[in-house]
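S.K.: got a structure for you, letters missing:
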């Protein structure tokens, strides 16, 4: 049934949701240009080069270069760690005939809200995010979708709810 429904939609720029276990699933991820593993390799290579330069300065008599190099690498490492923690952030919306599930991951912490699809309301709120509410619960999606595409996302989710 979900496969037939997928063929009837014009998903355009948002892309087609996938079908998993009879559910329609939208998955949105943060746009990251470098993976945490690549970031670690970059940081290690940068640290080695910086420490070699600091060691040459130490041998040449400029002893204050080394502590500042260490301080620079610690601050850069902290900034890259914050970036790496959020590189895997994502949002996932799953719709079936009996359940609408919204999951989001932020810095490794996963939160999940379940809704009854018959009593769910989907709107684009004043902040521009897609708000899914019902049964006294509320969730927001669309953080990783361009602002001009969120209205289309809300429309597609409403249409999928009606068809489920």
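M.R.: That came in fine, so what should we check first? It should be emphasised that the depicted structure is a prediction, and the values quoted were computed from it without experimental measurement. Residues are numbered from 1 along each chain as shown.
S.K.: and residue 34, what does it touch?
M.R.: Residue 34 makes contact with 42, 87, according to Cβ atoms under 8 Å, 6 or more residues apart in numbering. The C-beta positions use only the backbone N, C-alpha and C, and glycine is treated the same way.
S.K.: C-terminal to the lowest-mean-pLDDT helix or strand in the chain, what's the next element?
M.R.: Within the chain, no helix or strand scores below helix 2-8, which has a mean of 47 by mean pLDDT, DSSP states H and E. Next along the chain after helix 2-8, taking DSSP states H and E as the criterion, comes strand 18-20.
S.K.: in that following strand, what's buried?
M.R.: By 16 or more other Cβ atoms under 10 Å, strand 18-20 has no buried positions at all.
S.K.: Also stretch 141-158?
M.R.: Using 16+ other Cβ under 10 Å as the test for burial, stretch 141-158 gives 141, 142, 143, 145, 150, 152, 153, 154, 156, 157.
S.K.: Please state the offset of the helix or strand where residue 41 lies from the chain centre?
M.R.: Applying DSSP H and E as the criterion places residue 41 in helix 36-59. In terms of Cα atoms, centre = their mean, to the nearest Å, the centre of helix 36-59 is found 29 Å from the chain centre.
S.K.: wait, residue 22 sits on residue 96?
M.R.: Yes. Contact criterion Cβ atoms under 8 Å: residue 22 and residue 96 qualify, at 6.0 Å.
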